[in-house]
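> got a structure for you, letters missing:
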């Protein structure tokens, strides 16, 4: 007999599953989609016609950020490996840069928003491509506030906040076909180490899902 387990959640953390997705597909959505949405619209207040540069555009947060930005009417530039450039274009990106072949700062300038999901050297090089009053958003680590001030831009760390109403809005976008989710690979709980290693490889196309039970 299987042991039953219960968890407690507040009502503002729960929303109905998108009708067009199965449970595994639905599990790939909440964290990354809400992070991307809140970064672009709550932090950056992205508007139609503005230009956004999205690093690691083929990853979990990146793939949703590309689609949300395009849905809002922005001009979208993404960085990805050569193997993932066509995938990022299929999400709606107007321009995709193979980060191994071309330093993005050599071909990008005067963007309104940079969404950085990588940190390190990528973030350090991103300040120079923003226009005055632009904003750099980081998901992995706090950006350099002093460097941002020196360049006359804003820089903020993105900490995702759970929102049932936002999950409902994202579900509607998924069900209407305006955005989609892509699963890179599904792992069992016993394969958590392999899942983590794949995640850290930086070459994921879509979202990794860890399936706890069958």
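All right, it came through fine. What you are looking at is a predicted structure, and each value in this text was computed from that prediction instead of being measured.

> where does the prediction get shaky in this structure?
When residues are selected by pLDDT under 70, those of the chain lie in 1-11, 195, 197-203, 213-214.

> try 80
1-14, 184-192, 194-214 (pLDDT under 80).

> what about the strands in it?
For the chain, the strands defined by DSSP state E cover 51-54, 75-80, 95-98, 111-116, 130-138, 154-157, 183-188, 207-211.

> which other residues reach the last one?
Right, the one you point to is strand 207-211. With contact meaning CB atoms under 8 Å, 6 or more residues apart in numbering, strand 207-211 is reached by 24, 27-29, 32, 59-60, 63, 181-189, 191-192, 195, 198-199. All C-beta atoms are positioned from the backbone trio N, CA, C, and that covers glycine.

> try 7 Å this time
Strand 207-211 has contacts (CB atoms under 7 Å, 6 or more residues apart in numbering) with 24, 27-28, 32, 60, 181-189, 192, 195, 198-199.

> can you give me the buried ones in it?
207-209 (16 or more other CB atoms under 10 Å).

> residue contacts, residue 170?
Residue 170 sits next to 29, 33, 37 when contact means CB under 7 Å, 6+ apart.

> any figure for the gap between the closest residue to the last one other than its chain neighbours and residue 52?
It stands for residue 37. Closest residue to residue 37 in three dimensions, ignoring its sequence neighbours and counting by CB to CB, 6 or more residues apart in numbering: residue 68, at 5.7 Å. Residue 68 sits 10 Å away from residue 52, going by CB to CB, to the nearest Å.
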